[in-house]
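Participant: got a predicted model here, sequence first, then my questions.
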Amino acid sequence: MTGKFEGEIEVHVRRSASRRRGVLITLEGIEGSGKTTQLGRLARWLRGEGYRVVVTREPGGTPVAEKLRSVLLQTARERITPECEALLICASRSQHVAHVIRPALQKGAIVLCDRFSDSTMAYQGYARGLHLARLRALDRLATEGLRPDLTLLFDVPVSKGLRRRARERKSQNRLDREHRRFHRRVRSGYLDLAARHPGRIKVIDGRAKPEAVAARVSAIVGSHLRRQPASHRLKRR
């Protein structure tokens, strides 16, 4: 049954005919992992090195996708089902990939994205309990098969991450209010994904000081970029 479902979805996946020249780097982690702070540091470092960088986020990244983000993250009286949550996220991702990520990659940019497909697996799959194979098929439809070249997973204990988020009252959202068991399942899901994809997903200890974490990030990203074709290293004029 699952195979038929995936096959039906796969029939509709459209592959881009344009040659991909850029690099997609995604940053992942539980709430309060420090990934957003490190994204800003990484963008500044890469631009200082002369790379063309596009910074974006999920859910969001386009006007339509940002509206879906507000629906997903705002607390509402009506409960959002796990299935609705996954569909809204993938709808947002479809807009994001089509209008921001893929065009930037085709121009040879380094795209830094705060959350991407692994978040869907960790949150809606491992934590919400939705079928992982079906989520992967839905994600392939949304991304047209696009996958990150490198994923940085910032790992911190749930208690530490939630303490950090508690200090940021103005930016808290619906997911911050989930039970700790939910966040533990998210973290466990991320670590399982990292174990399954060690070549792409690099786990970084997010408990260290921001400067130390940034140095580790720069080392990983720098090593990855040095292995890429010259076309990925477009310098500023």
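Facilitator: Everything's here; your move. Numbers count the residues shown, from 1 in each chain.
Participant: list the helices and strands the strand or helix carrying residue 153 packs on?
Facilitator: Residue 153 belongs to strand 150-155 when assigned by DSSP states H and E. Judged by 3 or more Cβ pairs under 8 Å, 6 or more residues apart in numbering; DSSP states H and E, strand 150-155 is in contact with strand 23-29, helix 35-48, helix 180-196, strand 201-205, helix 210-226. Bear in mind the C-beta positions are built from the backbone N, C-alpha and C, glycine included.
Participant: let's have these in TSV, adding mean neighbour count.
Facilitator: What follows is those, written out as TSV (neighbours: other Cβ atoms under 10 Å):
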stretch	mean neighbour count
strand 23-29	25
helix 35-48	17
helix 180-196	17
strand 201-205	18
helix 210-226	15
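Participant: of all these, which one is nearest residue 105?
Facilitator: Nearest of those to residue 105, taken as Cβ to Cβ: strand 23-29 at 6.2 Å.
Participant: strands paired with the closest one, and their directions?
Facilitator: Note on strand 23-29: by DSSP bridges, its sheet partners are strand 110-114 (parallel), strand 150-155 (parallel).
Participant: now the last one and helix 35-48, what's the angle there?
Facilitator: Taking axes from the mean of the first three to the mean of the last three Cα atoms, to 10 degrees, one finds strand 150-155 and helix 35-48 inclined to each other by 140 degrees.
Participant: report the distance from strand 150-155 to the chain centre.
Facilitator: Offset of strand 150-155 from its chain centre (Cα atoms, centre = their mean, to the nearest Å): 9 Å.
Participant: tell me which residues of it are tucked away?
Facilitator: Within strand 150-155, the residues scored as buried using 16 or more other Cβ atoms under 10 Å are 150, 151, 152, 153, 154, 155.
Participant: gap between residue 206 and residue 186?
Facilitator: Counting by Cβ to Cβ, to the nearest Å, the gap from residue 206 to residue 186 is 14 Å.
Participant: which residue packs closest to residue 97, ignoring adjacent ones?
Facilitator: Nearest non-adjacent residue to residue 97, counting by Cβ to Cβ, 6 or more residues apart in numbering: residue 143, 5.2 Å away.
Participant: how about a markdown table for the helices and strands packed on strand 150-155, with distance to residue 134 and mean pLDDT added?
Facilitator: Formatted as a markdown table, these follow (distance: least, Cβ to Cβ, whole Å; pLDDT from 0 to 100):
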| stretch | distance to residue 134 | mean pLDDT |
| --- | --- | --- |
| strand 23-29 | 21 | 98 |
| helix 35-48 | 26 | 96 |
| helix 180-196 | 15 | 97 |
| strand 201-205 | 21 | 98 |
| helix 210-226 | 31 | 97 |
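Participant: so what pLDDT did residue 152 get?
Facilitator: With respect to pLDDT, residue 152 scores 98.
Participant: residue 54 should be in a strand, yeah?
Facilitator: Yes: assessed with DSSP: H, G, I helix; E, B strand; the rest coil, residue 54 lies in a strand.
Participant: contacting residues for it?
Facilitator: Residues in contact with residue 54 (Cβ atoms under 8 Å, 6 or more residues apart in numbering) are 100, 101, 104, 109, 110, 111, 112.
Participant: greatest separation within these: which pair is it?
Facilitator: Pairwise distances across the contacts of residue 54 (Cβ to Cβ) peak at 13.4 Å, for the pair 100 and 110.
Participant: who has more neighbours out of these two?
Facilitator: For residue 100 versus residue 110, neighbours defined as other Cβ atoms under 10 Å are more numerous around residue 110 (28 against 18).
Participant: just to check, the more buried one is in contact with residue 26?
Facilitator: No: if you go by Cβ atoms under 8 Å, residue 110 and residue 26 don't touch, sitting 11.6 Å apart.
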